[in-house]
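have a look; sequence and predicted model below, questions after that.
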Amino acid sequence: MATTAPAIPGRAPDERLHQIWETKPGLLGILGTVDHKEIGRRYLVTSFLFLIAGGLEAVVMRLQLTRSDLRLLQPEQYNQLFTMHGVTMIFWYAAPVLSGFSNFLWPLLIGARDMAFPRLNAYSYWTFLLSGIFLYSSALVGQVPDGGWFAYVPLTRDAFSPGLNMDFYALGLVFLTISTTAGAINFIVTLFKLRAPGMSINRIPLFMWGTLTNSFSVLFALPALTVACVMLYLDRGVGTRFFDPGGGGHPLLWQHLFWIFGHPWVYIIVLPAMGIVSHALPTFCRRPLVGYTTVALATVTTGILGFGVWVHHMFATGLPPLATSFFSAASFAITIPSAIAVFAWIATIWTGRPVVRTPFLFMVGFIVLFVIGGVSGVATAAAAFDQQLTDTYFVVAHIHYVLIGINLFPVVAGIYYWFPKITGRMMSERLGRWNFWTMFLGFNLGFFPMHIAGLLGMPRRIYTYPAGLGWDTVNLITTIGSFVFAAGVLLLVINVIYSRRRGLPAGPNPWDAYSLEWATSSPPPPYNFAVIPTVGSRHPLWEERLDEGGRSILSEGPALDEKGEKETVESSPLDSRLTDVLRMPEDTYYPFLHALAVMLTFYGLLLRSHRVAGVGLLLVALLTAGWLWPARRELREEE
Amino acid sequence: MRSLRAAAALALTGCGASPTYLRGSGYVADRLATLGWGLLAIAAAVVVVIGLLVLAAVLRRRPPASTDRMSSAGGLSWIVIGGIVVPAVILLGSMVYSLRVLAATDRPEAKPALAIQVIGHRWWWEVRYPGSSPQETFTTANEIHVPVGLPVQLELTAADVIHSFWIPQLAGKTDLIPGQRNVAWIEADTAGRYWGHCGEYCGLQHANMMMAVVAEAPAEFSRWLEAQRRPAPTPSLPAALAGRAVFTRTACAMCHTVRGTEASGVLGPDLTHLASRRSIAAGALTNSHGNLAGWIANPQALKPGVLMPAVPLQPDELHALVSYLRDLR
Amino acid sequence: MRGLASRRPPPIRWIAPAILLALLAPLQGCGDRGPEPAPAERRVSTQAATVDESRAPAGELVDQPGAPSPGEWTLPGRDYAGTRYSPLDQITTRNAGDLRVAWTFSTGIPRGHEGQPLVVNNTMYLVSPHPNIVYAIDLRNPGGPLKWKYHPPTDPAARGVACCDVVNRGASYADGKIVFNRLDNVTVALDAESGKVDWETKLGDISRGETMTMAPLVVDGRVFVGNSGGEMGVRGWLTALDLGSGKVLWQAYNSGPDKDVLIGPRFKPYYDWLKGEDLGVKSWPPDQWKRGGSTVWGWVTYDPELDLLFYGTANPGVWNPDMRPGDNLWSTAVFARDPATGEAIWASVTTPHDEWDYDNINEHIPVDLVIDGKPRKALLQFGRTGFVYLYDRATGQLLSAPMYQHTNWATGIDMKTARPMEVPEKKTHEGVNVTNICPASTGARDQQPAAYSFRTRLFYSPGTNLCMDYKAGRTAYIAGTPYLGAEVVMYAGPGGHRGEFFAWDPVAGKKVWAIPERFPVWTGALVTAGDVAFYGTMDGWVKAVDARTGAVLWKFKAGSGLIGNFMTYLGPDGKQYVAVYAGVGGWAGAVALGLSPEDPTGALGFVNAMKDLPDYTAPGNTLYVFALP
Amino acid sequence: MSSRFPERLGLAAAVGLAIALAGCTRGAQGGEGGVPGGGLTRGEQSDTVPGVQPGIVPEVVLGHVSNPYADDAGAIATGRQLFVGFNCSGCHAAYGGGGMGPSLRDSLWIYGKRDAQIFSSIAEGRAYGMPAWGARLPDELIWRLVAYVKSLGTEAEPEKPPRHAADKVMKAPKPRRAEG
């Protein structure tokens, strides 16, 4: 630190840091904040609102399917609802909620003051929010996407899906991929460059291994989706014939492209959730996780194998048996890394001293549902039997067991676990217990009968079914179960709102947990850590009780408050030696404005108006230049 | 309307039970059912075992902790045994078994008795029986007759969007993809009427795109073939004669074909022997006078979004038309 | 070559012929600047076929059965064999350069003018496109008043069911009567002197899509006419009428049971697969033969020696082959019939189960040739399929079928069965867009007739060089509307020249010389004893070339594109005149009649191949008559 | 949550979602039973031959009726399938460029370009061979065809015609010598 600016006089170090790092007040604070904690909170709230939207859509669909021949919904409305339910849940809830946790926690977990690219972080939130609004603005013109969440062509080509419905779908997804890709880049660089000194690669929390694999999978999988959606948009409007056999294209091109993205995506939205469990379970078992390295490797293996199994979604498309057998075998093999993770958790509980709290209950529930979803998945991996199972309600049951089981349950566990850290108050344990049992029993009551409906031959995505096929009872039970489950989710919302005001005050470490985020106050100050800690082991706060050796120093370290600017440490990727100090950007409007310009461009593309799209692109170019323009301070520095 | 639909479903399945594929009555479906029961049994066992393990892990009583020292030892054997060895064995076994079933059910051993072309349309099935000479080809819709006990090859393609041919009790699904010709096969063990449904979401009326396969003795089957090959008989009743005039001169002839008359539209199913089919509107209604009249008067009421328009007819014209259609044995 | 950048590299298999063609093309080409005599250009031919001058002395009368006196033109092809050879020799290779317009006449209907005028008893008879007005011009005073004019009461609705412009291919003269077909299916006989109607016979019904455009042939008091409407799901026939009364003598259908096709004991096809009972029904799906196309809208020829009529049948109805599995007999066939009773003597089929709309209606010219040392009674046809079919006209045996234009739908014709050896990738199916099929549906040559010179023993034929993309689709039969079921887009074939005029040596089976043209050559050829061949281009150039060398002796820019056929006659002043219609249209010129170029499938795909035609010509309706000064 | 912002953000998103549930779904592909604006009287249909009798039929008495499916993308797409299925493409070419029948893509409308006039051209038939479809097609199908015909050449046209690469067309015949 060559020059030393005069320290702000008369302010204790914490106040100085507080004054440097706190979010600017007023509009700039709201629209321009780059504080990872603020962005994390917004991600969580917005993705939960999308969860509720998806849930309401599901409940209305269940009403329509309660009995045979009901006429509550027209087929067009039902098709729009099941498409929006799928798209909202899988794209606008599952991945963003995990980004919410990661954004809030990563700097705290690795002892940094912020993410590597704070403005990009804000940008990824704004594009996520605006793409959601773009998608749901389809309801204002009554042309809601109705082609199903994987939108097979030629049904979704302009000939059979006239109107803007599927244009909203295709452009909305491309818009969202901007946000997800930006987030993934941010997580990867943060993990490898901003860790506190001493936190070598084998000491980072397992939650970060999950999100790291998620980020790399995003970088490799999303381009397939973007290409497919752009091709669909061009086929629909410009007259290209990528998917039209009459013009030299082929409908299966869409299925291959979509599922090359599709299957890695389902691992993208579960691996971080499994990471949450691997991170939080040891706290409630009062012992470190069994087999840290094996579980980390299993996570990465799952991510990689995820790219090799996508054809198991297409076993009925008439592909030659040899190809089908290869992908069937690969789909069987991918079960093993998951089995490793499950048994690691069970071993941790078995050999630990479980403290039964609500997060722990949700994690146990998660393990049970994970196993049920996993084995029903293995049944569909067998190509021969899958030709009976595919596109029936058995697959719908499998999807819900894996997605709700492996994503929603750990997310709720995470909320109960980190709510004190985020708000400084504990969530009510009594309400938590009610919340768990209503969700767990409601879920099983609702979704287990779907296995039976599927085995009884009920196809998926039908807005009604005739009587006399024996499906009435199972559908009635499923509807009741889904209402109970919805009540469970409502209890969660009530608990959150109630506890924000009147929850018991929680100290820095209410669970006596082991990781760095519990070493700072709740809620953490804007600058996270007064001093950058030095990490000595995997469990910095349990070192004295564990005989693993290794001493972390949490009270002394560089405070980085001399220059009066936002700074954090940079460290080497593997063994995290201190290499430099990074200056971090201030709050700025650019991310928000840039996201708005991108939204304008997408509306231009949607309405096929070259003028609007052109103006949008021009704004995007200008704002990008403005965003990357070197600030005066850096210019002064260079002369 | 509810009772009509229930009757239609009965008409389709021929029996009250659900079209479950865990009780196959076709060469392929039998093997898939056995494989299915095997996999579900393994799944259930795994769930029970792990469920008990988790419960035990949570509830078991442990000796009181002496100090708040924590030990990070132990547990790795769990991962090795439970996470790798046992799953590997189970998975390998079920994989090998399922791949053998896949190979066994891919092609029939004997040469198929006949090859039928099925073309998927938005929300009904066109079925073409090519004969030994071009003279003997004919087209029907939604109900497929096959000789029992003999393999029948199916050549599948689609005219508009992707559909999926699926008779749960006879065989697994095979998609009908525009611009691609998929080959599948079915073989019914026992005579009977088997319910089928489109297996791939194909738009507004995907829910009502059903079909039936009627497996019958070879003799009965060849009688059916003979009857279907003949063009439509000239109507006997006067009302039916008037009905034919209405059929050929109004919108019906624009979309439907009745061999032996001027009507040769291709947008809708072939109605030459409509009366020989037990259900209409792709399995949504039983074939009765009342249903036919209701369906023709306002198809949107039964299947909203269907491409068949409501043809404005006078009551007497409608009656004549329906009696003609009921006469098309 | 269609835009190379966007095409896969051409398969090796036909690169060699393409290179050969490319070598040929630059060496040909018309080239002279206008009326002054062309300098001696080097005649290029694939082999140095020297045609010795001595064989047929100029002016000596050749035996042309059915031909009138040398100065007259009474049948569409001038004689029963349709050779379009005229013994007049005042116009020779030396003085052809001095030709100039003698007089012109406007028919008043700006649509496609196919066909040719007739000249008999110093009177010229013209038939205009629909509404088929007949003009009689007194040649003694061509500038003066018409002898007579007959305006028939045709039904305007006929225009809606004529597939390829409302053309008429000319009339015939016999026993003082002018016989022609009206578009709305009425054959009319007018008294040549007064223009009064002798008789008229209605033979078809426009509400079922039937029309008549072909030129009738009159032989021994019988008039032979055929219908058109293959694209409308019509059932084709050839009918014989009595010249005197117009009564129908017999009618032979081209599909259906043997009794309709007049197949009886005397029917001896050369190839076994054509033998069988009621093949016209068995080779079709049930009832599809009733809409089996196979119409007769081309040319009928006759051989008095064997007393046999020869004519070809059109495409088998719907263009979507998957809607009519089977050989679809007797579409795209050639029939030899007894003119008196109509009984079929022999038949052969060029494309059984035709998948590309290769109608087989082009003229079959009977010609006596010496093949492999033996004199043969041959029958030659430039097929739309791209092959020149040479039959033995007594037995129907196919002697040879060499390729004469770039063809890739078949590798050749199997001589044992006369069936084409089709290329699997080029077979068309429902819902699949098969690309780069050569020749296009128009064929290597369409209805525009060739000419044969008894002197040079060569055939002179127009030609087209187009390829196409063909996508079949499902369609319904609604009487009176097109029954197509195919989306076709055509474009220029390899070399980029879309047309050609060439000389063909029937014995050697080779082109002697060829003149590439920008547009398809859609006029009928004429060759005279003066060894001068005449043809015209669709952008309006009338050309006279040396019949031996192919050198362009003279060319003249007419007011509109030419799709009519040349004829020549001796005027009352004893001078030789050459006449031709100039009025672009027909199937090829449809784009000039106001179609939208941005829809490449317009006019069954021809619009895409002729997008630039409107830059060169506009519709016209003028008869040009040329003569030496 | 320290700052109050999430509530306001939550509110905005909730409003958007509420609209989603109450979204009006207009223009379902199939269309409801009766057809608004169908009050047309049609001329007598000759029944000599069961085929469609092309030709002149007395003009229809037309009010100023507009197309109920004017800019309904679903109806235009169905209109496209009817245009091909009922053989209109046979005369007017696969994308309306014209062939035996006149071009429907150019600006020349022989019998008028208002919706009602095009309806009458289809229902009544026209002189030079346009058949009268009135007796054979219910009004709701004819109105869909009218919607498709009006969409030709515009942005709303479903399945636009394929743009064919400019073929290498010989600019001038390759002369043996340089032509003047």
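Sure thing, it's come through.

so what's residue 239 closest to, chain neighbours aside?
No chain specified, so I'll use chain A. Distances taken as CB to CB, 6 or more residues apart in numbering or on different chains put D:Lys160 closest to A:Gly239, at 3.9 Å, once the chain neighbours are dropped. Bear in mind the C-beta positions are built from the backbone N, C-alpha and C, glycine included.

not quite, I wanted chain C
C:Gln251 (4.5 Å).

doesn't that neighbour lie inside a strand?
Yes - counting by DSSP: H, G, I helix; E, B strand; the rest coil, C:Gln251 is found in a strand.

wait, it touches C:Gly342, no?
Yes - between C:Gln251 and C:Gly342 there is a contact under CB atoms under 8 Å: 7.4 Å.

report how many residues lie close to the residue nearest to A:Gly239.
D:Lys160 sits with 18 neighbouring residues when counted by other CB atoms under 10 Å in any protein chain shown.

what's the spacing between it and C:Lys275?
51 Å (CB to CB, to the nearest Å).

which residues does A:Thr180 contact?
A:Ala95, A:Ser99, A:Ser124, A:Phe128, A:Val218, A:Leu222 (CB atoms under 8 Å, 6 or more residues apart in numbering or on different chains).

between these, which sits nearest chain C?
Distances from chain C to the contacts of A:Thr180, taken as CB to the nearest CB, are shortest for A:Leu222 (30.3 Å).

between C:Gln251 and C:Gly342, point out the one with more neighbours.
Using other CB under 10 Å as the criterion, C:Gln251 and C:Gly342 rank with C:Gly342 on top: 21 against 14.

correct me, but A:Pro354 touches A:Pro282?
No - with contact defined as CB under 8 Å, A:Pro354 does not reach A:Pro282; the gap is 10.7 Å.

those two: which is more packed in?
A:Pro282 (27 against 21).

distance of the residue nearest to C:Thr239 from chain A?
41 Å (CB to the nearest CB, to the nearest Å).

and what of B:Ala44?
In terms of CB to the nearest CB, B:Ala44 sits 8 Å off from chain A.

and for B:Pro269?
19 Å.

quick one: low-confidence parts of chain A?
Low-confidence segments of chain A (pLDDT under 70): A:1-13, A:632-639.

residues from it in reach of chain C?
A:Pro245, A:Gly246, A:Gly247, A:Gly248 (CB under 8 Å from any CB of the partner chain).

still on that earlier bit, give the contact list for the residue nearest to C:Thr239.
C:Trp237, C:Leu238, C:Thr239, C:Ala240, C:Gly342.

model confidence for the second one, exactly?
C:Leu238 carries a pLDDT value of 96.

sorry, back to before: secondary structure, distance to chain B and neighbour count for the contacts of A:Thr180 - can I get that in JSON lines?
Putting the contacts of A:Thr180 into JSON lines (DSSP: H, G, I helix; E, B strand; the rest coil; distance: CB to the nearest CB, whole Å; neighbours: other CB atoms under 10 Å in any protein chain shown) gives the following:
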{"residue": "A:Ala95", "secondary structure": "helix", "distance to chain B": "24", "neighbour count": "24"}
{"residue": "A:Ser99", "secondary structure": "helix", "distance to chain B": "29", "neighbour count": "29"}
{"residue": "A:Ser124", "secondary structure": "helix", "distance to chain B": "32", "neighbour count": "28"}
{"residue": "A:Phe128", "secondary structure": "helix", "distance to chain B": "28", "neighbour count": "28"}
{"residue": "A:Val218", "secondary structure": "helix", "distance to chain B": "26", "neighbour count": "23"}
{"residue": "A:Leu222", "secondary structure": "helix", "distance to chain B": "24", "neighbour count": "22"}
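
what's the closest of those to A:Leu305?
Nearest to A:Leu305, judged by CB to CB, of these is A:Val218 at 16.2 Å.

circling back to that earlier point, SS state for the residue nearest to A:Gly239?
coil.

and A:Arg195, how far from chain C?
A:Arg195 is 53 Å from chain C, by CB to the nearest CB.

export the one helix or strand C:Gln381 maps to to PDB, keeping only CA atoms.
C:Gln381 is part of strand C:374-382 when elements are defined by DSSP states H and E. Only the C-alpha atoms of strand C:374-382 are listed here, as PDB (Å, rounded to 0.1, in the frame of the first residue of the first chain):
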ATOM      1  CA  LYS C 374     -30.400 -53.200 -90.500                       C
ATOM      2  CA  PRO C 375     -33.100 -50.900 -91.900                       C
ATOM      3  CA  ARG C 376     -35.700 -50.400 -89.000                       C
ATOM      4  CA  LYS C 377     -39.100 -48.800 -88.900                       C
ATOM      5  CA  ALA C 378     -38.200 -46.600 -86.000                       C
ATOM      6  CA  LEU C 379     -40.300 -44.200 -83.800                       C
ATOM      7  CA  LEU C 380     -38.300 -41.400 -82.100                       C
ATOM      8  CA  GLN C 381     -39.400 -39.300 -79.200                       C
ATOM      9  CA  PHE C 382     -37.500 -36.600 -77.200                       C
END
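
any shared contact partners between C:Gln251 and C:Gly342?
Contacts common to C:Gln251 and C:Gly342, judged by CB under 8 Å, 6+ apart, are C:Leu238, C:Ala240.
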